[in-house]
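S.K.: the sequence and its predicted three-dimensional model are supplied below.
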Amino acid sequence: MRRLARLLALIAAPLLAAPAAAQPVEVDLELILMVDVSRSMTPRELEIQRRGYAEALRSDAVYEALRAGLLRRVAMAYVEWAGRGSQRVIVDWRLLETRDDLDAFAATLTAEFNAALRRTSISGALDFAAASLDGNAYAGLRRVIDVSGDGPNNQGRPVIRARDAALARGIVINGLPLMTREGMGSQWHLDDLDRYYRDCVVGGPGAFVIPVTDWADFAGAVRRKLVLEMVGAPPPVRAVPVQFAAPAPYDCLIGEKMWEQRRNMWTP
C-alpha cells in the first residue's frame, strides 16, 4: 500500500505543479482589419489606406465608440493581404482601452510603407482572418472580419466557400469595397463591386458594406465603419427603390473568369 501511495504521489505531482492555462482576455469586440495591398493598388493608394486608418483610430468618434461597450475594451489586428498565402501582419493582436492605445496602433501603421503584393484572394484573406480570430488570446462578445478590396476574388478557393466557413464559426464579415479608378486596378474594375461584396463576401448579423468611390472619402468611411463595429449597431437604414422583379443572382466567380479571360489573352 505504501508503494502504491508513493506511485500515485509521483504521478499526481506534475499535475499539481503545472500552472493553470492562461484565460483569454474578455473584450467587447475582436476585430481583424484585412486590407487589400494587391498589385492593382498603387503606392499612393497603399499609403492612403494606412494613413486613413491611422486618422480614424485617432478620432474622437472611434475613442467614444471604444468606451461605449460593456467592457470598454477591444482587441484589434491589422493585416495586409493580396494573393493566396500572401498575408502580412502589420499590427498583431493588441488590446485597446485608452487613447494612448489607439494612438500607438495608429503610429505603427504609419511608421513605414511596404510594397504591394500580387493577385487578389479575398477567400485567402477570410481564411487567414478566421484562423487568427480562433488562435488569439481574446474572447470577444463579437468577432468581426473587416475586409477591404478594389476587385473581386481571382485566386484561391471560391470566396463564398470561405465566407460561409467563417459565418459557420459565428464570425461577422463587413466590407469596404474600394470603387476608385487608379493604376492597374482599372482593368479589374467592377462598376458594381459594392454588390459583389454584398452578395458574395459579407455576412452575419448586422453585416454591412460601405463603398468608397473617392479616396478623399476614405478616412471618413473607415471612421464610420469602426464606430459601427465597436458599438455593434447596424448602419443607418437607407430607402431602397421598389423592385418589381428580384435581381438576378450575382456571379460570385466573376473575378476568376476575368483572370482566366485575361490569361488566355496574354498566352501566345
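M.R.: Received the coordinates, thanks. Residues are numbered from 1 along each chain as shown.

S.K.: buried sites along stretch 70-83?
M.R.: For stretch 70-83, the buried set under the neighbour-count rule, 16 or more other CB atoms under 10 Å, comprises 73-83. Bear in mind the C-beta positions are built from the backbone N, C-alpha and C, glycine included.

S.K.: pLDDT on it, on average?
M.R.: For stretch 70-83, mean pLDDT is 94.

S.K.: just the pLDDT at Asp150, thanks.
M.R.: The score at Asp150 is 86. That number is its pLDDT.

S.K.: report pLDDT for Ala207.
M.R.: We have a pLDDT of 94 for Ala207.

S.K.: give me phi/psi at it?
M.R.: Phi and psi for Ala207, reported as degrees, to the nearest 10, are phi -60, psi 150.

S.K.: doesn't Arg163 make contact with it?
M.R.: No. The pair Ala207 / Arg163 is not scored as a contact, 10.0 Å apart, by CB atoms under 8 Å.

S.K.: those two: which is more packed in?
M.R.: For Ala207 versus Arg163, the count of surrounding residues by other CB atoms under 10 Å is larger for Arg163: 26 against 20.

S.K.: Val227: neighbouring residues, count only.
M.R.: Using other CB under 10 Å, the number of residues around Val227 comes to 19.

S.K.: can you check Pro43 too?
M.R.: Count around Pro43 with other CB under 10 Å applied: 12.

S.K.: anything in contact with each of Ala207 and Arg163?
M.R.: Shared between the contact lists of Ala207 and Arg163 (criterion: CB atoms under 8 Å, 6 or more residues apart in numbering) are residues Ile173.

S.K.: closest to Val202 out of the buried residues of stretch 70-83?
M.R.: Nearest to Val202 out of those is Trp81 (CB to CB; 16.0 Å).

S.K.: so who does the residue lying closest to that closest one once chain neighbours are set aside touch?
M.R.: Beyond its immediate neighbours in the sequence, the residue positioned closest to Trp81 (CB to CB, 6 or more residues apart in numbering) is Ala125, lying 4.0 Å away. Ala125 sits next to 34, 79, 81, 87, 147, 149 when contact means CB under 8 Å, 6+ apart.
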